[in-house]
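> with the input below, show me the fold.
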Amino acid sequence: KPSFPILSEVMVKDGYIHATDLEIFVRMKTDLPDGMYRLVGNNLERGVMNPAEFPKTPTVGKSVAKVSANVLSPALEDASKFTSDSDTRPQLQGISIKSKDGRVRVSSTDFFRLFGETIPGKVEDDFDVILMAANKAASTIGKIGEGIYNIRTGKDNISFENEQGEIIVRTLEGNEYPMI
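The predicted structure follows:
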């Protein structure tokens, strides 16, 4: 159950459904009319919240890479298995995503095990971030659809966007990742 009542509903605006838990923002195409909705069972019903109170979608910066969903989603899901649940080291809860030699490198560690995979993609600009909410992000990115993801980075977030929608995930401030 969300800590803020507004997060218990989703917003539809301009042909997109918006949902968030304040760590991950999801925007997907929909045919629903504009307004607020809540999930009841497996159905969306009209909500009661004011759309003006819904959290603003974070601003994301420039495009840094393009990667196929067929390689990105499995790499993130595998990397999420090598993250820690400990709140004392937040960098161990995340997944390191960075460009290296024209490819995208996905890495993670729980300080006992290490995961690393280089996936093909078209790197447009160097980047280096630690993706937070690793388990949620990995499973959500895998569900948004197939095709090519345009990866964009912002001040404190990273975006994965394709034709079906976009997922914006909070990143860890500072990119110090141990031993990778």
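
> which residues does the helix or strand bottoming out on mean pLDDT in the chain contact?
Sorting the helices and strands of the chain by mean pLDDT, DSSP states H and E puts helix 134-143 at the bottom, at a mean of 81. Residues outside helix 134-143 that contact it (Cβ atoms under 8 Å, 6 or more residues apart in numbering): 21, 23-24, 26, 69, 72-74, 76-77, 79-80, 83, 93-95, 108, 131, 149, 160, 167, 169. C-beta: built from backbone N, CA, C; applies to glycine.

> of those residues, buried ones?
24, 26, 69, 72-73, 76-77, 79-80, 83, 93-95, 108, 131, 149, 160, 167, 169 (16 or more other Cβ atoms under 10 Å).

> from the residues you listed, which ones fall inside strands?
24, 26, 95, 108, 131, 149, 160, 167, 169 (DSSP state E).

> farthest-apart pair in the residues you listed, please.
For those, the maximum inter-member distance is 21.8 Å, found between 26 and 108 (Cβ to Cβ).

> so where is the protein shaky, pLDDT-wise?
Scanning the chain for pLDDT under 70 picks out the ranges 1-3, 173-180.

> can you give me the helices for it?
Using DSSP state H, the helices of the chain run over 69-80, 134-143.

> dump these to TSV, plus distance to residue 119.
Shown next, in TSV, are these (distance: least, Cβ to Cβ, whole Å):
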stretch	distance to residue 119
helix 69-80	4
helix 134-143	13
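
> give the buried residues for stretch 43-60.
Quick answer for stretch 43-60 (16+ other Cβ under 10 Å): 44, 47, 49, 54, 57, 58, 60.

> and that stretch, end to end?
This stretch, stretch 43-60, spans 31 Å end to end (Cα to Cα, to the nearest Å).

> kindly report the same for stretch 149-163.
Span of stretch 149-163 from end to end, Cα to Cα: 8 Å.

> again, but for stretch 79-91
Note: stretch 79-91 ends 13 Å apart using Cα to Cα.

> which of the residues in it are buried?
Here stretch 79-91 shows 79, 80, 82, 83, 84, 91 as buried, counting by 16+ other Cβ under 10 Å.

> repeat that for stretch 101-119.
103, 104, 105, 106, 107, 108, 109, 110, 115, 117, 119.

> quick one on the thing from earlier: now for the buried residues of stretch 79-91: which two are most distant?
Among those, 80 and 91 lie farthest apart (Cβ to Cβ), at 14.5 Å.

> which residues does the nearest residue to residue 116 once chain neighbours are set aside bridge with?
In space, and not counting its chain neighbours, residue 116 is closest to residue 107: 4.4 Å by Cβ to Cβ, 6 or more residues apart in numbering. Counting by DSSP bridges, residue 107 forms beta bridges with residue 96, residue 116.
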